[in-house]
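Novice: This is a predicted model, with the sequence first.
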Amino acid sequence: MSTPEQNLSEDTATTADPTSAPQPTSDVPESAQQQVPLTDGTESDGDDAQREHALRVGLEDYELGDEDIALLGGEFDDGTGEYAGVPLPVLAIVGRPNVGKSTLVNRIIGRREAVVEDKPGVTRDRVSYPAEWGGRRFMVVDTGGWEVDVAGIEARVAEQAEVAISLADAVMFVVDATVGPTSTDEQVVKLLRKSGKPVVLCANKVDGPRAEADASELWSLGLGEPHPVSALHGRGTGDLLDAAMRKLPKKTVHGVAVPNGPRRVALVGRPNVGKSSLLNKVAGSERVVVDPTAGTTRDPVDELITLKGKDWVFVDTAGIRRRVHQTQGADFYASLRTQAAIEKAEVAVVLLDASEKLTEQDTRVISQVIDSGRSVVIAYNKWDLMDEDRRPFLEREIEKDLVQVQWAPRVNISAATGWHTDRLVPALERSLASWDTRISTGRLNSFMGELVAANPHPLRGGKQPRILFATQASTRPPRFVIFATGFLEAGYRRFIERRLRETFGFEGSPISISVRVREKRKR
């Protein structure tokens, strides 16, 4: 029996969870489910529109909030993003290691996306994030710490910071006010003057009025007024961004429009399953390091690849380990970057090892992708190593292991030899098409009417909730909102999800169903 809090819950989402044990799809008897005479979509648009209009009129008798009215009024989120196709000015954040650049970037973009740790050298690559301040949109570029006379990976990090300066419209130079100007800071100043870019001087780690005296020492750098801020606590960042907007030109010279395509594909899986080998094979070159040692890849690597005449961005990621919270240092941050790469992608190719049984790590990876709302393709690697007599038994094992995600397309490949990698593109296109699918409100309500008429919600406590109206709130992934007079049980929501898939497809895309319980207006 559900609690009042559950019954009044605004959003109760349902998605397939591969980590849980198989659940019965519905409380409705299986024989009754098989007798549902659903239409195949041939019902006329006119009948659908009439049904939708009648149901909308009926909703006027119920208490609706502002969000409900906005949703019913046709506000629809297609998930394409607000920055697509617009070239934005570029603001690069530079400075020596461990002065708080990534913390400041997180403060500017309003979320914890850049990896932060209280030690130097965490950030290595140039990473761009869309941001907005005072009604102006721009791209902020996080960089690794710049140092002089370094070798190895530190030298390559410094080179990337120099590239970021050359490709920026303005630069924010971050200095640790508690330490004061150092010889390295003075070398950065020379670099900035040589570039000729507008510069905003940020005196970070000024946590209170007493520390502002330390910031005044930075006048000696000759870059104008230092702006005292605390990136960690947000103190002074508003004034800093106001100053940055005055320096940042409105028309960009170096900014590049964020394209609507190509589609982004994340290669994910547990360590040493063959992700880097697959990227190298589809790219046709040794783009990333491949080694038998698990955990070779740490930072996500993007590569633009043309397959069957179409451009794709493939992202190689670090392996997702069994217990992320127990990892330390680089492995821990690699796992965070992998999660960020999944969320930035549109479809994830989950690589599994055909030579081993499905592990807890594998199901955790699949769950992580589904929870992120990305479309999914399951790829069984090393299939060419399987004995011909073993393959039929392996197929049956896979069907049993992946029963909770049987809606995801599956391909059998060999990343090492390239065997059947050409089958990836059709599977990716099917999953992305489902991810973008939009069902008209009239057609959806016709489907729901037939479904409920054949299989009504079971009685609980002498009451039976009635479905009033249904609409698709968004795509990428598809999200459906059902207005009802009572709480719909999880088993019935799974039943609705299964019938949605049988009727409309959604191959390779997770879908969610939210229930909004609404009461009649008091007369």
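Specialist: Done, it's in.
Novice: Give me the buried stretch members for stretch 199-208, please.
Specialist: Buried residues in stretch 199-208, counted by 16 or more other CB atoms under 10 Å: Val199, Val200, Leu201, Cys202, Ala203, Asn204, Lys205, Val206. Every C-beta, even on glycine, is put in place using the N, C-alpha and C of the backbone.
Novice: gap between Gly234 and Val94?
Specialist: 21 Å (CB to CB, to the nearest Å).
Novice: can you check Gly373 too?
Specialist: For Gly373, the distance to Val94 - CB to CB - is 34 Å.
Novice: more neighbours, the two?
Specialist: Val94 (25 against 20; other CB atoms under 10 Å).
Novice: List phi and psi for that one.
Specialist: phi -130, psi 160 (degrees, to the nearest 10).
Novice: Could I get the contacting residues of it?
Specialist: Residues counted as contacts of Val94 (CB atoms under 8 Å, 6 or more residues apart in numbering) are Lys101, Thr143, Trp146, Ala161, Ala164, Ile165, Val171, Met172, Phe173, Val174, Val188, Leu192.
Novice: tell me the helices in the stretch 1-150 of the chain, going along the chain?
Specialist: 4-7, 30-34, 45-59, 66-72, 101-109 (DSSP state H, counting those that start in this stretch).
Novice: most packed of the ones you listed?
Specialist: Scoring the helices of the stretch 1-150 of the chain by mean neighbour count under mean count of other CB atoms under 10 Å gives helix 101-109 as the most buried, with a mean of 23.
Novice: That helix: how far from the chain's middle?
Specialist: What separates the centre of helix 101-109 from the centre of its chain is 19 Å, taken as CA atoms, centre = their mean, to the nearest Å.
Novice: For that helix, which helices and strands make contact with it?
Specialist: strand 90-94, strand 127-133, strand 136-142, strand 170-176, helix 237-247 (3 or more CB pairs under 8 Å, 6 or more residues apart in numbering; DSSP states H and E).
Novice: In this structure Phe506 contacts Ala433, no?
Specialist: No - contact criterion CB atoms under 8 Å: Phe506 and Ala433 do not qualify, at 9.6 Å.
Novice: more crowded one of these two?
Specialist: More neighbours surround Phe506 than the other of Phe506 and Ala433, with 22 against 15 (other CB under 10 Å).
Novice: Give the closest residue to the more buried one in space, chain neighbours not counted.
Specialist: Nearest non-adjacent residue to Phe506, counting by CB to CB, 6 or more residues apart in numbering: Ser434, 4.6 Å away.
Novice: In a markdown table: the helices of the stretch 1-150 of the chain, plus mean pLDDT.
Specialist: Shown next, in a markdown table, are these (pLDDT from 0 to 100):
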| stretch | mean pLDDT |
| --- | --- |
| helix 4-7 | 38 |
| helix 30-34 | 40 |
| helix 45-59 | 78 |
| helix 66-72 | 79 |
| helix 101-109 | 85 |
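Novice: how about those helices, which one is nearest Glu343?
Specialist: Counting by CB to CB, Glu343 lies closest to helix 101-109 out of the helices of the stretch 1-150 of the chain; the figure is 13.5 Å.
Novice: Save the buried residues of stretch 199-208 as a markdown table, and put in secondary structure too.
Specialist: Shown next, in a markdown table, are the buried residues of stretch 199-208 (DSSP: H, G, I helix; E, B strand; the rest coil):
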| residue | secondary structure |
| --- | --- |
| Val199 | strand |
| Val200 | strand |
| Leu201 | strand |
| Cys202 | strand |
| Ala203 | strand |
| Asn204 | strand |
| Lys205 | coil |
| Val206 | coil |
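Novice: Now do the same contact list for the residue nearest to Phe506.
Specialist: Ser375, Pro478, Gly505, Phe506, Glu507, Gly508, Ser509.
Novice: which phi and psi does the first one have?
Specialist: Geometry field for Ser375 lists phi and psi as phi -70, psi 160, criterion degrees, to the nearest 10.
Novice: didn't it look like it was pressed against Gly508?
Specialist: Yes - here Ser375 reaches Gly508: they are 5.1 Å apart, a contact under CB under 8 Å.
Novice: Which strand residues bridge Tyr62?
Specialist: Lys520 (DSSP bridges).
Novice: cool, and Ser128?
Specialist: With beta bridges defined as DSSP bridges, Ser128 has these partners: Val141.
Novice: count of neighbours near it?
Specialist: Neighbour tally, Ser128, other CB under 10 Å: 19.
Novice: Point out where the chain drops to low pLDDT.
Specialist: 1-45, 74-86, 112-126, 149-158, 256-261, 286-302, 319, 321-334, 336, 523 (pLDDT under 70).
Novice: the strands in the stretch 351-500 of the chain, which residues?
Specialist: Remark: strands assigned in the stretch 351-500 of the chain by DSSP state E, counting those that start in this stretch are 375-381, 410-412, 467-474, 479-484.
Novice: Please identify the deepest-packed of these.
Specialist: strand 375-381 (a mean of 25).
Novice: list the helices and strands that one packs on?
Specialist: Checking 3+ CB pairs under 8 Å, 6+ apart, strand 375-381 ends up next to strand 347-353, helix 360-371, strand 410-412, helix 424-435.
Novice: who touches the closest residue to Thr338 other than its chain neighbours in this structure?
Specialist: Leaving aside its sequence neighbours, Thr338 sits nearest to Thr317 (CB to CB, 6+ apart; 4.3 Å). Shown in contact with Thr317 (CB under 8 Å, 6+ apart): Ala266, Leu267, Val268, Lys275, Thr297, Pro300, Arg337, Thr338, Ala341, Ile342.
Novice: Most neighbours among those residues, which one?
Specialist: Neighbour counts for the contacts of Thr317 (other CB under 10 Å) peak at Lys275, which has 31 neighbours.
Novice: As CSV, the helices and strands packed on strand 375-381 with distance to Ala244 would be great.
Specialist: Putting these into CSV (distance: least, CB to CB, whole Å) gives the following:
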stretch, distance to Ala244
strand 347-353, 35
helix 360-371, 35
strand 410-412, 47
helix 424-435, 36
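Novice: closest one to Gly449 among the ones you listed?
Specialist: Closest among the helices and strands packed on strand 375-381, once you apply CB to CB, is helix 424-435, at 23.5 Å.
Novice: Buried residues, that closest one. List them.
Specialist: Leu424, Val425, Ala427, Leu428, Glu429, Arg430, Ser431, Leu432, Ser434, Trp435.
Novice: Output it as CSV, restricted to C-alpha atoms.
Specialist: The C-alpha trace of helix 424-435 is given here as CSV (Å, rounded to 0.1, in the frame of the first residue of the first chain):
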residue,chain,number,x,y,z
LEU,A,424,28.1,-0.5,-35.5
VAL,A,425,26.7,2.3,-37.7
PRO,A,426,23.2,0.8,-38.3
ALA,A,427,22.9,0.0,-34.6
LEU,A,428,23.9,3.5,-33.6
GLU,A,429,21.5,5.1,-36.1
ARG,A,430,18.6,2.9,-34.8
SER,A,431,19.3,3.9,-31.2
LEU,A,432,19.6,7.6,-32.0
ALA,A,433,16.4,7.6,-34.0
SER,A,434,14.5,6.1,-31.1
TRP,A,435,16.2,8.6,-28.7
